[in-house]
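> Sequence and predicted structure are below.
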Amino acid sequence: MLGSRQRELFSIQALQICDAFLVFVAFWLADKLRPILRPLFGMGEANELGLNEISWLLYIAVPFTPLVLEKFGFYQNILRKTVPELLSQMLRCFVVIGVAVAVMVVFFKMPPSSRLVLAVGFGLTAVLLLIRSLIVRQKLKNSAREGSGLKERVIITGTSLDIEKLLKAMPHTVTDYWEVVDKFNLDSQDFEELEGLLVDNSVQRVIIASGDTAFRQISRAVELCEKQGIEVWVSAGFIRTQVSRPMFDNLGGKPMLVLRTTPELSWALLFKSAMDRVGACIFILLTSPIWLFAMIGIRLASPGASVFFRQERAGKYGKSFKMWKFRTMVVDAEAKLAQVKEDMGNEMSGPVFKLENDPRVFPFARLLRKWSIDEFPQMLNVISGDMSLVGPRPLPVYEVAEFEKSEHRRRLSVKPGITCTWQAGGRNMITEWEDWVKMDLEYIDNWSLWIDMKLLIMTIPAVLFGRGAK
């Protein structure tokens with residue numbers, strides 16, 4: 001909100017604490033107004049309980065109302081936000097909180113007296129939050145007009161073109177809180193002039209638009225600001241990325257600019273890893289009778305070879321591993337692959353081979369494939385850490401070697417999985433390799449635990465109804 005992510009988070013958290021207090025005050029007032037309001041609704045006299053009856057529900061309303069408001073953008077772009085926008089965001093928040101509270105009301109069979117406090121409490125909450133928002137917005141506008149120090153005094157440096165590009169790319173939610181003291185050209189202006197500007201204008205921050213500016217000039221500007229203890233922000237415009245997310249880290253005591261296209265190490269990733277192994281173990285225990293059925297069926301239908309099939313697949317970053325499956329093809333299936341391709345073609349474009357009526361599949365195995373039972377042993381790969389429950393499907397090493405574009409290898413930048421967008425959405429609907437890759441990359445770029453959960457849930461009907469199994 002004030003020009004940098006750290007300041008924005010601090011400001012949002014301060015407003016959330018204030019709003020949480022206002023929510024509590026609203027319900028407290030609702031309880032005090034209860035004796036006055038009850039006769040209006042024909043409820044008779046109030047007892048002594050009221051708010052005490054629903055005090056535990058405040059543990060939902062007080063902390064979660066500000067968090068849900070943040071989710072709907074309530075604390076963003078305060079200076080330019082209109083009253084209808086504020087009301088719309090509050091209404092959506094109250095719908096979410098209201099549904100949760102309504103479930104509690106019905107489940108715990110709360111009396112009408114408590115329901116009245118709830119209804120009035122939410123109404124007062126809306127009024128108090130709207131008043132608080134209008135007061136903060138007006139204060140920000142007044143401070144901006146009066147130059148009272150709310151706006152941050154900044155100097156933007158770089159070439160004239162880089163400076164204009166930076167300002168054009170910056171949203172109003174950032175520039176509204178800037179007082180641009182000067183646009184300093186590092187190529188044509190003298191550094192003594194920059195030093196004078198820093199001193200005379202009590203500059204708080206220098207922003208360097210570094211697109212075409214020489215590193216030597218940037219270094220001199222940084223040193224100059226460093227001596228005066230002034231914060232410097234250097235845009236990474238000299239590195240033009242399409243999907244990489246830039247961030248800074250430390251390596252051997254040296255600052256490093258890191259460009260990462262995959263999710264950063266986090267508690268969410270650690271939870272995903274734990275969920276993979278626990279989920280795989282539970283799945284194996286619950287489906288063990290099906291494993292036994294599959295093993296007996298394979299042994300009877302296609303004797304002379306193991307019930308399991310292990311194949312070299314490309315894992316994370318292309319490192320190969322042995323992937324487990326129930327064997328669904330004749331013993332010499334891989335030797336016959338070239339002939340099958342020549343005789344029957346390929347239903348999937350690109351390096352991947354897919355064929356609905358593959359003649360190498362023996363009859364009983366078609367049942368296993370229809371219900372994806374042949375994939376069950378991959379849970380062993382999940383437990384060993386080679387695979388995840390959700391992730392791009394691991395391809396045979398020889399298919400990966402045939403990738404025509406280096407961008408295709410980006411699907412190897414995360415751990416492969418048993419299911420992903422392609423499997424969950426119905427596999428027979430996709431016949432273009434590029435579409436498959438696009439779906440995998442969208443998963444990687446937007447990964448979250450919620451997406452993993454959603455794909456796991458979507459996979460269940462896809463498997464139960466045998467959609468797209470080949």
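Perfect, thanks for sending it.

> Test for you: state the pLDDT assigned to G211.
The predicted structure scores G211 at 74 on the pLDDT scale.

> ok, it touching G158?
Yes - with contact defined as Cβ atoms under 8 Å, G211 counts as touching G158 (6.8 Å). In this view, the C-beta of every residue, glycine as well, is placed from N, C-alpha and C.

> Mind checking which of these two has more residues around it?
Neighbours were counted for G211 and for G158 using other Cβ atoms under 10 Å; G158 has more, 28 against 18.

> Phi and psi next, for that one.
Dihedral pair for G158: phi 140, psi -160, per degrees, to the nearest 10.

> who touches the nearest residue to it once chain neighbours are set aside in this structure?
Distances taken as Cβ to Cβ, 6 or more residues apart in numbering place A209 nearest to G158, at 3.4 Å, with adjacent residues excluded. Applying Cβ atoms under 8 Å, 6 or more residues apart in numbering, one finds that A209 lies in contact with I156, T157, G158, T159, D162, I163, K165, L166, S235, G237.

> between these, which is nearest A126?
When those are compared for distance to A126 (Cβ to Cβ), L166 wins out at 39.3 Å.

> Quickly find the element holding the closest one.
Per DSSP states H and E, L166 falls inside helix 160-169.

> And I207, by the same measure?
Using DSSP H and E, I207 sits within strand 205-209.

> one step back: what would the helix holding L166 look like as PDB? C-alpha coordinates only.
C-alpha atoms of helix 160-169 as PDB (Å, rounded to 0.1, in the frame of the first residue of the first chain):
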ATOM      1  CA  SER A 160      15.200   8.700 -19.800                       C
ATOM      2  CA  LEU A 161      13.600   5.800 -21.700                       C
ATOM      3  CA  ASP A 162      14.000   3.300 -18.800                       C
ATOM      4  CA  ILE A 163      12.600   5.800 -16.300                       C
ATOM      5  CA  GLU A 164       9.500   6.400 -18.400                       C
ATOM      6  CA  LYS A 165       9.000   2.600 -19.000                       C
ATOM      7  CA  LEU A 166       9.200   2.000 -15.200                       C
ATOM      8  CA  LEU A 167       6.700   4.700 -14.400                       C
ATOM      9  CA  LYS A 168       4.300   3.500 -17.100                       C
ATOM     10  CA  ALA A 169       4.500   0.000 -15.800                       C
END
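
> Show me what secondary structure element comes after that helix.
Past helix 160-169, the next helix or strand by DSSP H and E is helix 172-175.

> Who are the packing partners of whichever helix or strand comes after that next one?
Beyond helix 172-175 in the direction of the C-terminus, DSSP H and E gives the next helix or strand as strand 178-185. Strand 178-185 is packed against strand 152-158, helix 160-169, helix 191-200, with contacts defined by 3 or more Cβ pairs under 8 Å, 6 or more residues apart in numbering; DSSP states H and E.

> what angle do the last one and strand 152-158 make?
Counting by axes from the mean of the first three to the mean of the last three Cα atoms, to 10 degrees, helix 191-200 points 170 degrees away from the direction of strand 152-158.

> Tell me the buried residues in helix 191-200?
Residues of helix 191-200 classed as buried by neighbour count (16 or more other Cβ atoms under 10 Å): L194, L197, L198.

> Repeat that for the second one.
Within helix 160-169, the residues that qualify as buried by neighbour count (16+ other Cβ under 10 Å) are D162, I163, K165, L166, L167.

> what's the last one in contact with, if anything?
The reference is to L167. I156, T175.

> List just the one of the helices and strands packed on strand 178-185 that sits closest to S288.
helix 160-169 (56.8 Å).

> Give me the mean pLDDT for that closest one.
87.

> cool, and stretch 26-34?
What stretch 26-34 shows for mean pLDDT is 84.

> quick one: the strands in this structure?
152-158, 178-185, 205-209, 231-234, 245-251, 254-260, 308-314, 320-326, 388-390, 417-419 (DSSP state E).

> export the ones you listed to a markdown table and tack on distance to L285?
Formatted as a markdown table, the strands of the chain follow (distance: least, Cβ to Cβ, whole Å):
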| stretch | distance to L285 |
| --- | --- |
| strand 152-158 | 58 |
| strand 178-185 | 59 |
| strand 205-209 | 57 |
| strand 231-234 | 53 |
| strand 245-251 | 39 |
| strand 254-260 | 37 |
| strand 308-314 | 19 |
| strand 320-326 | 17 |
| strand 388-390 | 15 |
| strand 417-419 | 17 |
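
> Out of those, which one sits most buried?
Comparing the strands of the chain on average neighbours per residue, with mean count of other Cβ atoms under 10 Å, the densest one is strand 388-390 at a mean of 26.

> Return the list of helices and strands in contact with it.
Packed next to strand 388-390, using 3+ Cβ pairs under 8 Å, 6+ apart, are helix 267-286, strand 417-419, helix 449-464.

> Could you look over the ones you listed and pick the most buried one?
strand 417-419 (a mean of 24).

> Give me the domain ranges for this protein.
If you go by automatic domain parsing, the domain ranges for the chain are 5-146, 152-240, 267-464.

> where among these is the average confidence lowest?
The bottom spot among the domains of the chain, by mean pLDDT, belongs to domain 5-146, with a mean of 78.

> Please compute how far it lies from its chain's middle.
27 Å (Cα atoms, centre = their mean, to the nearest Å).

> Distance check, the nearest residue to F24 once chain neighbours are set aside against M104.
With Cβ to Cβ, 6+ apart as the criterion, F24 has its nearest non-adjacent residue at 5.3 Å, and that residue is V62. According to Cβ to Cβ, to the nearest Å, V62 and M104 sit 14 Å apart.

> And K316, by the same measure?
44 Å.

> try D162
With Cβ to Cβ as the criterion, D162 and M104 are 55 Å apart.

> need the helices for the stretch 351-470 of the chain, in chain order.
Under the criterion DSSP state H, counting those that start in this stretch, helices of the stretch 351-470 of the chain are mapped to 363-370, 378-384, 397-400, 421-424, 433-445, 449-464.

> can you redo those as TSV with distance to L285?
Converted to TSV, the helices of the stretch 351-470 of the chain look like this (distance: least, Cβ to Cβ, whole Å):
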stretch	distance to L285
helix 363-370	20
helix 378-384	10
helix 397-400	31
helix 421-424	23
helix 433-445	28
helix 449-464	17
